[in-house]
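Colleague: Just a sequence and a predicted model for now, questions to come.
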Amino acid sequence: MGRTRVPLFGDSVLPGFEPAQGVFGGFDRLAELSRPSPAMQHRVYVAALRKSTGRLREAVPELGALIALAGQRWAAGLRGLYPAHTVKLVMRDFHALGLPVAQRTVEGWLEGQSPRLGHFIAAVQLYGWEFGAAVIAPGSEVAQREVLRSEMRRLAQELDRVSGEV
């Protein structure tokens with residue numbers, strides 16, 4: 001008795017029917033159409049993050065105090081970037097990055113509420129590693145290194161500007 005060949009992904013299962021050509025035998029378009037939207041991906045990500053953060057807070061009681069401290073540093077960092085019109089300017093920055101935040105969210109941050117991980121990562125993209133290190137571990141070797149790197153980049157830009165004027 002011979003073995004029956006099972007049709008593989010992209011193989012024709014109907015006589016005379018050939019799937020559209022493509023990387024996955026015509027199924028690449030179907031995969032593209034069934035891919036969740038970025039908004040849905042974000043919702044799923046946020047739900048999973050909330051669940052895992054809650055479990056972590058239960059396992060490590062002092063984590064709540066560390067998160068609260070990070071929230072205070074986050075607020076101080078944002079106010080340091082924009083002493084005036086902080087809410088409006090932070091909203092503008094996040095919107096430009098493609099991650100709009102509500103006014104109430106930014107107001108909560110300025111009251112000391114810690115950001116979600118996605119917002120923290122976006123802030124590092126916007127404001128640099130120096131900002132992230134100052135929120136998580138100010139005074140640490142990593143934070144000091146990032147401050148120095150930031151200062152070196154600023155000085156290099158200033159040097160380029162001055163040498164271009166000469």
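Modeller: Yes, it's here.
Colleague: Hmm, Gly77 and Thr86 touching each other?
Modeller: No: applying C-beta atoms under 8 Å, one finds Thr86 not in contact with Gly77, separated by 10.6 Å. C-beta coordinates here come from the backbone N, C-alpha and C atoms, glycine included.
Colleague: Low-confidence regions, this protein specifically.
Modeller: Applying pLDDT under 70 to the chain flags residues 1-42, 45-46, 49-61.
Colleague: Determine the longest helix present in it.
Modeller: Longest helix of the chain, by residue count under DSSP state H: helix 141-165.
Colleague: which outside residues touch that one?
Modeller: Helix 141-165 is contacted from outside by 128-130, 132-134, 136-137, using C-beta atoms under 8 Å, 6 or more residues apart in numbering.
Colleague: between these, which is nearest Thr105?
Modeller: Nearest to Thr105 out of those is Gly132 (C-beta to C-beta; 18.3 Å).
Colleague: For burial, what's the neighbour tally of that closest one?
Modeller: Gly132 has 20 neighbours, counted by other C-beta atoms under 10 Å.
Colleague: name the element it belongs to?
Modeller: helix 129-136 (DSSP states H and E).
Colleague: Distance of His85 relative to Arg92?
Modeller: Separation of His85 from Arg92 (C-beta to C-beta, to the nearest Å): 9 Å.
Colleague: cool, Trp129 as well?
Modeller: When Trp129 is compared with Arg92 (using C-beta to C-beta), they lie 21 Å apart.
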